[in-house]
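Engineer: Compute the structure for the input listed below.
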Amino acid sequence: MSLPKGLAEEVSKNLVMVARLIDEDPEQAYAYSRIALRLASRVAAVREAAGFAAYATTKYSEALAEFRAAKRMTGSVELWPVMADCERGLGRPERALAMAGEPEVQKLDKAGQVEMRLVAAGARRDMGQLEAAIVTLQSPELASHSIQPWTARLRYAYADALLAAGREDEAREWFAKTVEADKDGAMDASDRLAELDGVEFVDALVGDEPDEIDDEADEADEADEDDEDDEQDDAEVAAAERASDQAEYYDEDDEEYEPLERSEADADVDVTDEIVVVEDEDRDDEGHPLDKG
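Structural biologist: You can find the predicted model right below:
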């Protein structure tokens, strides 16, 4: 509202793009936030958007500076938890813990206080204090059966801390409770639970798509059919050759032609072994073989 109309519209467009892209393309969202920041650096909403875009791209120092600026402009403490998490990102978990004990936390709403508890537990884990992290997460919000927007994340963090501490049975219980609260399936609690139960997921198809597998199977079947056809063709050709060989020696129109009956003993004998070639000079005038016996 403090900007001229044309400038306000331009800044608004860039902020809309930040909101649209921050989850799927944080780098592009960050680029839009820098444009908005150059146009209106004295607008708290712009500084906050720039802070979240920098946070999404793990530019924690820049994000912290923007959040601090937005806090000064508005006087609101709602960014306190994410500011503390930036300290964790910068490798300063002790500062995050110190912020968890500041009076600002008491001014946060319920969602903000739960977020601050998650950040504090994360800082404890960063410092290798697993049991302290577990205790930090134990709260009325964790024990409540009421499902709130933060319930799934709180239960998941608790289950994960229990697992890291080697308390698998308790971790399994809380991962199961996380699944109950995670209506949108945004978390991988069901996968973690399956791992604890020893369930392994194996892809049935590796490296090939189903259509490709079907095509390969069809091609293999066609190749087999072609091979069978070739074998049949070869057998038919061989039979035809044998028939033509016999036709060269025996004329079926000849009255004296009688097919040879072969015994089993002669089964392996080539047909050419039984052929008697009669020379022309051994025939009579009518073409019949002469009896020289």
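Engineer: Residue 46 is in contact with residue 37, correct?
Structural biologist: Yes: counting by C-beta atoms under 8 Å, residue 37 does reach residue 46; the two are 5.9 Å apart. (Each C-beta comes from the backbone N, C-alpha and C, glycine too.)
Engineer: Between the two, point out the one with more neighbours.
Structural biologist: Comparing residue 37 with residue 46 by other C-beta atoms under 10 Å, the one with more neighbours is residue 46, at 27 against 20.
Engineer: moving C-terminal of the helix or strand where residue 49 lies, what's the next helix or strand?
Structural biologist: Taking DSSP states H and E as the definition, residue 49 sits inside helix 44-56. Remark: after helix 44-56, the chain's next helix or strand is helix 60-74, criterion DSSP H and E.
Engineer: how big is the angle separating that following helix from helix 44-56?
Structural biologist: Angle of helix 60-74 versus helix 44-56, following axes from the mean of the first three to the mean of the last three C-alpha atoms, to 10 degrees, is 160 degrees.
Engineer: for the stretch 101-250 of the chain, what spans make up the helices?
Structural biologist: Along the stretch 101-250 of the chain, the segments classed as helices by DSSP state H, counting those that start in this stretch run 110-126, 130-137, 140-143, 151-164, 168-181, 189-196, 210-249.
Engineer: Comparing the ones you listed, which yields the minimum mean pLDDT?
Structural biologist: When the helices of the stretch 101-250 of the chain are ranked by mean pLDDT, helix 210-249 comes last with a mean of 53.
Engineer: Show the pLDDT at residue 87.
Structural biologist: 98.
Engineer: try the one 3 residues further on
Structural biologist: pLDDT, the model's per-residue confidence, is 98 for residue 90.
Engineer: Count the residues that sit near it.
Structural biologist: When neighbours are counted by other C-beta under 10 Å, residue 90 comes out with 14.
Engineer: now swap in residue 69 and tell me
Structural biologist: Counted with other C-beta under 10 Å, residue 69 comes out at 18.
Engineer: could you give the angle of the helix or strand residue 17 falls within to helix 44-56?
Structural biologist: In the assignment (DSSP H and E), residue 17 maps to helix 5-21. Helix 5-21 and helix 44-56 are oriented at 30 degrees to each other (the same axes, to 10 degrees).
Engineer: Helix 60-74 and the helix or strand just after helix 5-21, what's the angle between them?
Structural biologist: As assigned by DSSP H and E, the chain's next helix or strand after helix 5-21 is helix 26-39. On the basis of the same axes, to 10 degrees, helix 26-39 is oriented at 40 degrees to helix 60-74.
Engineer: mean confidence for helix 26-39?
Structural biologist: Rounded mean pLDDT across helix 26-39 is 97.
Engineer: which other helices and strands contact that helix?
Structural biologist: With contacts taken as 3 or more C-beta pairs under 8 Å, 6 or more residues apart in numbering; DSSP states H and E, helix 26-39 sits against helix 5-21, helix 44-56.
Engineer: Most tightly packed of these?
Structural biologist: helix 44-56 (a mean of 23; mean count of other C-beta atoms under 10 Å).
Engineer: follow-up on the earlier one: of the helices and strands packed on helix 26-39, which approaches residue 122 most closely?
Structural biologist: helix 44-56 (14.4 Å; C-beta to C-beta).
Engineer: any idea how far residue 16 is from residue 9?
Structural biologist: For residue 16, the distance to residue 9 equals 11 Å [C-beta to C-beta, to the nearest Å].
Engineer: brain fart, residue 174
Structural biologist: 48 Å.
Engineer: With residue 130 instead?
Structural biologist: With C-beta to C-beta as the criterion, residue 130 and residue 9 are 51 Å apart.
Engineer: Contact partners for residue 104?
Structural biologist: 77, 80 (C-beta atoms under 8 Å, 6 or more residues apart in numbering).
Engineer: count of residues packed around the residue lying closest to residue 134 once chain neighbours are set aside?
Structural biologist: Take residue 134 and drop its neighbours on the chain: the residue closest to it by C-beta to C-beta, 6 or more residues apart in numbering is residue 161, 4.9 Å away. With neighbours defined by other C-beta under 10 Å, the count for residue 161 comes to 25.
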